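Undergrad: fold the following, please.
(chains A and B)
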Amino acid sequence: MRLTPYVTICRHPAMPGQVLLFAARTGALILLSDEDFSALQSGQAAEEEIASLTGMGFLVADIDTEQRQVLHYMDDINRLNPNLTLAIVLGMECNFACRYCFEGGQKGGKAMDDATADQLVSFIKQRFGPNKKKLLLQIYGGEPLLYRKRLVSLARRLKPFVEGRGAELKIDLVSNGSLLTRQVVEELNDWGLDGVKVTLDGLPDNHNHFRPFKSGRGSFAVIIRNLQQVCGLTHIRLGGNYTNETYRQFGPLLDLMAGHGLTPDKIEHVNFNIVMQVQDRISANAYHGGCATINEPWLREAALHVREEVYRRGYTVPELGPQPCAVEIDDALTVHYDGSLYKCVTWIGHRQFKIGDIWQGVDETYRQTHHLYHWQKEEKCRQCLYLPLCFGGCRYMAYQRDGHMGKVDCRKPFLDATLEAMLLQDVRYRYGYGC
Amino acid sequence: MKKKITILNKGKNVQAVASLEGCCLGKPSATK
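TA: Here you go, the predicted model:
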């Protein structure tokens, strides 16, 4: 047995004589002594450990087979996927005027009509095969809570159908939080609401600058008040978008939230991320900042700083591990308000990336237009120890930067600079080992 | 090699990853 090529190895002065190993294909993380690590490297793992280390993805029969399996990883994901995941844009109206919103000039009073909603129910019933265990609806917008009646009407028809198959309906909202009252959440809980992603962009002044109501009024206080009301009723996932100028505010934001009772036990996880630079005509907004690549040098320090600030205060960040992209998951689709289909919410309105509609179904030529598995053709990806964490990165980011998505959005420089430090953060904060 | 491995996270097999809800968890998603 050999050590997998998809392994990250780190040592730290606070863990003398120990080695930390991370298997990117599984997300497994182990600590072992230098001596045991040397034995592992030389193919002399103890007999009783071999099954466990193989199961966790650290030991493999041979390198070629392991690399082949990772190259075909998405085939396995698609064969085994028990979920049908639909991001649904119920309408494009929003009561906010976020400066960086990637929906640009598309927002406004366009909403799903009755005939489209009827067909959407039929489409879902047709796509929800007998092997499916969950129907995941990620409700998007615009602001999805402006379309609460439409959402309830869809759920009222889909929940009995899904449950009749012995499966489950789960609804997640991506909401600005301004309409997220106790009454709304209690109503949606009856229809399968699982959680809400709400965004706060740092301290109040900054948040109110970037995410004001359309009137220009600040939204921070309203969101906090709503989160206080609903945090015990559903899972709250906190997002936030930072820039080079603002990332240091996100730790103090969490202090402020905790002071308002939004303590770590009330927030499922925190996922602060960069503002992305958008350039195409449809996504364009008045904001000209943001990142064109995750490899911008400032982001290395910023990403680690923000993650540390979250962990240090007792909040949780998403686990490191394989992250398949919706573009390559056959049973993940985005349904626009007019019934057109896309592979990801980022592409809505980009007609050249429409992949069909809920009447005619999916046009499989998207596999070429979206360059599926482009990472398999790249030598640098096939040899990359981070491949299972990345699978070619974000096609939307590549498109915004390069004008096309034919090339991978390589994240190796960023991961080279940060992954070890992130793993050490996990060891310290998630698993409670001093380092 | 003695049995001294500390398992902090046993990881997810492909079936468990296939069952994950949502996508882009660790990637920069479009800013909204």
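
Undergrad: show me where pLDDT drops low in the chain?
TA: Just so you know, I chose chain A. For chain A, residues meeting the criterion pLDDT under 70 lie at A:435.

Undergrad: that's the wrong chain, I wanted chain B
TA: Along chain B, segments meeting pLDDT under 70 span B:1-3, B:22-30.

Undergrad: quick one, strands of chain B?
TA: B:6-9 (DSSP state E).

Undergrad: in chain B, what residue is nearest chain A?
TA: Closest contact between chain B and chain A, by Cβ to the nearest Cβ, is at residue B:11 (3.0 Å). In this view, the C-beta of every residue, glycine as well, is placed from N, C-alpha and C.

Undergrad: separation between residue A:103 and chain B?
TA: Separation of residue A:103 from chain B (Cβ to the nearest Cβ, to the nearest Å) stands at 7 Å.

Undergrad: that residue - how many residues pack around it?
TA: 25 (other Cβ atoms under 10 Å in any protein chain shown).

Undergrad: quick revisit: my guess is the residue of chain B closest to chain A contacts residue A:52. True?
TA: No - counting by Cβ atoms under 8 Å, residue A:52 is not a contact partner of residue B:11; they are 10.8 Å apart.

Undergrad: comparing those two, which residue is more hemmed in?
TA: Taking other Cβ under 10 Å, residue B:11 and residue A:52 do not tie; residue B:11 has more neighbours (24 against 18).

Undergrad: list the contacts for the more buried one?
TA: A:23, A:25, A:26, A:27, A:28, A:29, A:56, A:57, A:321 (Cβ atoms under 8 Å, 6 or more residues apart in numbering or on different chains).

Undergrad: of the residues you listed, closest to residue A:355?
TA: For the contacts of residue B:11, the closest approach to residue A:355 (Cβ to Cβ) belongs to residue A:321, at 27.4 Å.

Undergrad: for the residue lying closest to that closest one once chain neighbours are set aside, what are its contacts?
TA: If you skip the residues right next to it in sequence, residue A:321 has residue A:27 as its closest partner in space, 2.6 Å away by Cβ to Cβ, 6 or more residues apart in numbering or on different chains. By Cβ under 8 Å, 6+ apart, residue A:27 lies in contact with A:319, A:320, A:321, A:322, B:9, B:11, B:12.

Undergrad: can you verify my assumption that the first one contacts residue B:10?
TA: Spelled out, it's residue A:319. No - Residue A:319 lies out of contact with residue B:10 (Cβ under 8 Å); the separation is 11.9 Å.

Undergrad: picking that back up, just the ones in helices from the contacts of residue B:11, please.
TA: Here DSSP state H is the test, and these give no hits in helices at all.

Undergrad: and the two most separated of those residues?
TA: The widest separation within those (Cβ to Cβ) is 12.5 Å, between A:25 and A:29.

Undergrad: what are the buried residues along stretch A:269-279?
TA: Neighbour counts over stretch A:269-279 (16 or more other Cβ atoms under 10 Å in any protein chain shown) mark A:269, A:270, A:271, A:272, A:273, A:274, A:275, A:276, A:277, A:278 as buried.

Undergrad: meant to ask about stretch A:16-31
TA: Within stretch A:16-31, judged by 16+ other Cβ under 10 Å, the buried ones are A:18-31.

Undergrad: so which of those belong to strands?
TA: A:18, A:19, A:20, A:21, A:22, A:23, A:28, A:29, A:30, A:31.

Undergrad: which among those residues are in contact with chain B?
TA: Among those, the ones lying near chain B by Cβ under 8 Å from any Cβ of the partner chain are A:23, A:28, A:29, A:30, A:31.

Undergrad: reformat those as a markdown table; add distance to residue A:247.
TA: Listed next are those as a markdown table, based on distance: Cβ to Cβ, whole Å:
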| residue | distance to residue A:247 |
| --- | --- |
| A:23 | 30 |
| A:28 | 30 |
| A:29 | 26 |
| A:30 | 31 |
| A:31 | 30 |
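
Undergrad: my read: residue A:5 touches residue A:66, true?
TA: Yes - Residue A:5 lies in contact with residue A:66 (Cβ under 8 Å); the separation is 6.5 Å.

Undergrad: which of these two has more neighbours?
TA: Set side by side, residue A:5 and residue A:66 show more neighbours around residue A:66, with 19 against 16, by other Cβ under 10 Å.

Undergrad: got a list of what that one touches?
TA: Neighbouring residues of residue A:66 by Cβ under 8 Å, 6+ apart: A:4, A:5, A:6, A:25, A:60.

Undergrad: who's in contact with the closest residue to the third one other than its chain neighbours?
TA: Going back to what we said before, that points to residue A:6. Distances taken as Cβ to Cβ, 6+ apart place residue A:24 nearest to residue A:6, at 4.3 Å, with adjacent residues excluded. Applying Cβ under 8 Å, 6+ apart to residue A:24 gives the contacts A:6, A:7, A:8, A:321, A:322, A:385, A:386, A:387, A:388, A:389.

Undergrad: any idea which helix or strand carries the last one?
TA: Translated: residue A:389. Using DSSP states H and E, residue A:389 sits within helix A:387-390.

Undergrad: check the offset of that helix from the chain's centre.
TA: From the chain centre to the centre of helix A:387-390 is a distance of 14 Å (Cα atoms, centre = their mean, to the nearest Å).

Undergrad: for stretch A:229-243, same thing?
TA: Centre-to-centre, stretch A:229-243 and its host chain are 14 Å apart (Cα atoms, centre = their mean).

Undergrad: quick revisit: so which of the contacts of residue A:66 belong to strands?
TA: Members of these lying in strands (criterion: DSSP E): residue A:60.

Undergrad: return the member of the contacts of residue A:66 nearest to chain B.
TA: Nearest member of these to chain B, counting by Cβ to the nearest Cβ, is residue A:25, at 7.9 Å.

Undergrad: how about residue A:319, nearest residue that isn't a chain neighbour?
TA: residue A:27 (6.1 Å).

Undergrad: any idea how far residue A:50 is from the one you found?
TA: Distance of residue A:27 to residue A:50, given as Cβ to Cβ, to the nearest Å: 20 Å.

Undergrad: over to residue A:186?
TA: 52 Å.

Undergrad: and residue A:80, by the same measure?
TA: 25 Å.
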